[in-house]
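J.: model this:
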Amino acid sequence: MMRYGTDHNLSGPMPVHASARRTGPFFGAIDLGTNNCRLMIAAGTPTGFRVVDSFNRSVRLGEGLRASGRLAEESMKRALDALRVCAERMKQWPLVHVRAVATEACRQAANGREFLARVQHETGLTIDIITAREEAELALESCSPLFRQPEHRPVRADRGVLFDIGGGSTEVAWVRIDPERETQTLIGTTSVPVGVITLQEMFGEGHGPSYETMVSHVQEYLNGFENVHRIRREVTHGKTRLIGTSGTVTTLAGVALSLPRYNRAAIDGLTLPGSSMVDAIGSLRCLNNEELADHPCVGSERMKFVLPGCAIFEAIHRLWPVEDVTIADRGLRDGMLLRMARDHGQRSGKGRHTTSRHATPRSRGPFGTYATL
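T.: Just a heads-up that it's a prediction; the model follows:
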């Protein structure tokens, strides 16, 4: 189980108190995505980890990538600026392990590896490009506690769909659930090459008829995965969970709850009727750009991407109409931190831990993958 402390989202280094430094070990995780650059620093606990500092900035690294096939210079500069902040923030903590990963934008860009070499040279950060499969596995690891049976559901779920709507792609995992052992096993995954940035660049911001065009476009990609796994048939039996982790689903939950401002504590792990999420989409579709920018759960930075994200969610929910949707405000960073905490415990001989096959320690410099500092 993950234990969270205060989730700071500040622009500069957070002061570290001497008492806090004695509560480690401390781990750092960076997720460089197509749209956002995110850092999370956490202290290991007997049951997982406790967040002590975090940072999130929209960098739009994949902006224009679909047309050019390359990361644009301005996009790389925005990402570098954010990564410099991450590097400085990490210096404030006595980190024992660090992992930094890049996803779809760097996977697809012809100059993706060249950019990450530049990042290493200018910031000291070593960032690995992970596969779509590992991206799904990390999301599953972070969301594992959310697959537990909700108290209001009399029928025990034995299957689950986990989706993560990103900037450049959407990851979907089809999961087998063992409700007795409270474990999950991946049956299959797919990476749909459509995210909020790519969809916005293809069809615009989603106002008017273009919205349904977006939904249909995403469903065309999902149909292949459905044909292989016959997920819709399982959904009709009422024994399937649907869990979403992304800014889109957390935004929709905030809108559904009419929150005056986004509140992670009220959202993460919440289960809402799918109809409530669809109603929230309807309310957002009635707003123009200025109204979306002023909305407390959207804002100016995400204004032009919110309806494309809604279209991806709606494509998933129409294809697999699970009655309830569980919202996860957690993702790759959380999965990486769980692995680091578990593997550190195994190496130090504390507690009962199992080793992830993705967590082999490698010493690669001050900010290398799983580097011991």
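
J.: got the phi/psi numbers for the closest residue to R133 other than its chain neighbours?
T.: Leaving out its chain neighbours, the residue that sits closest to R133 by Cβ to Cβ, 6 or more residues apart in numbering is T189, at 5.7 Å. Any C-beta I mention is one placed from the backbone N, CA and C, and that applies to glycine too. The main-chain torsion angles of T189 are listed as degrees, to the nearest 10 and equal phi -140, psi 160.

J.: number of nearby residues for T189?
T.: By other Cβ atoms under 10 Å, the residues close to T189 number 21.

J.: residue contacts, it?
T.: For T189, the contacting residues are A132, R133, A136, E137, E171, V172, A173, W174, taking Cβ atoms under 8 Å, 6 or more residues apart in numbering as the criterion.

J.: Tell me the secondary structure at L140.
T.: Counting by DSSP: H, G, I helix; E, B strand; the rest coil, the backbone at L140 sits in helix.

J.: dump the residue contacts of it.
T.: L162, A173, V175, Q184, L186, G335.

J.: can we see that at 10 Å?
T.: Listed by Cβ atoms under 10 Å, 6 or more residues apart in numbering, the contact partners of L140 are 147, 160, 162, 164, 171, 173, 175, 184-186, 189, 243, 245, 335.

J.: ok, of those, which come out buried?
T.: Buried subset of the contacts of L140 (neighbour count, 16 or more other Cβ atoms under 10 Å): F147, G160, L162, D164, E171, A173, V175, Q184, T189, I243, T245, G335.

J.: Among these, which ones are in strands?
T.: When these are checked against strands using DSSP state E, the ones located there are G160, L162, D164, E171, A173, V175, Q184, T189, I243, T245.

J.: Now the terminal residues of stretch 160-174, how far apart.
T.: 6 Å (Cα to Cα, to the nearest Å).

J.: Provide a list of residues in contact with A341.
T.: With contacts taken as Cβ under 10 Å, 6+ apart, A341 has the following neighbours: 2, 25, 27, 42-50, 97, 351, 353.

J.: at 6 Å instead, please
T.: By Cβ atoms under 6 Å, 6 or more residues apart in numbering, A341 lies in contact with G44, F49.

J.: in what helix or strand does it lie?
T.: helix 332-348 (DSSP states H and E).

J.: That helix to strand 159-165, inter-axis angle?
T.: Between the axis of helix 332-348 and that of strand 159-165 there is an angle of 110 degrees, by axes from the mean of the first three to the mean of the last three Cα atoms, to 10 degrees.

J.: returning to that earlier point: most neighbours, which of the contacts of T189?
T.: E171 (28 neighbours).

J.: pLDDT value on D128, please?
T.: D128 carries a pLDDT score of 97 in this model.

J.: So what sits opposite it in the bridge?
T.: V101 (DSSP bridges).

J.: Make 11 the first number, not 1, from now on.
T.: New numbering, starting at 11: the last item is D138.

J.: Quick check: it touching V111?
T.: Yes: judged on Cβ atoms under 6 Å, D138 makes contact with V111 at a distance of 5.3 Å.

J.: one step back: pull out the buried positions in the helix holding A351.
T.: In helix 342-358, the ones that count as buried by 16+ other Cβ under 10 Å are 342-356.

J.: where are the low-confidence patches of the stretch 61-210 of the chain?
T.: Residue ranges of the stretch 61-210 of the chain with pLDDT under 70: 159-164.

J.: hmm, try it at 80
T.: 158-165 (pLDDT under 80).

J.: Centre of the chain to the host helix or strand of R94, how far?
T.: With elements taken from DSSP H and E, the one containing R94 is helix 83-101. Counting by Cα atoms, centre = their mean, to the nearest Å, helix 83-101 is centred 19 Å from the centre of its parent chain.

J.: before we move on, what about stretch 303-315?
T.: Centroid separation between stretch 303-315 and its chain, computed with Cα atoms, centre = their mean, is 19 Å.

J.: Which residues does it contact?
T.: The contact list for stretch 303-315 (Cβ under 6 Å, 6+ apart) reads 68, 206, 210, 215, 261, 264-265, 270-272, 299, 302, 316.

J.: Check stretch 245-253 too.
T.: Among residues not part of stretch 245-253, those counted as contacts by Cβ under 6 Å, 6+ apart are 153, 156, 165, 167-172, 244, 330, 332, 335-336, 338.
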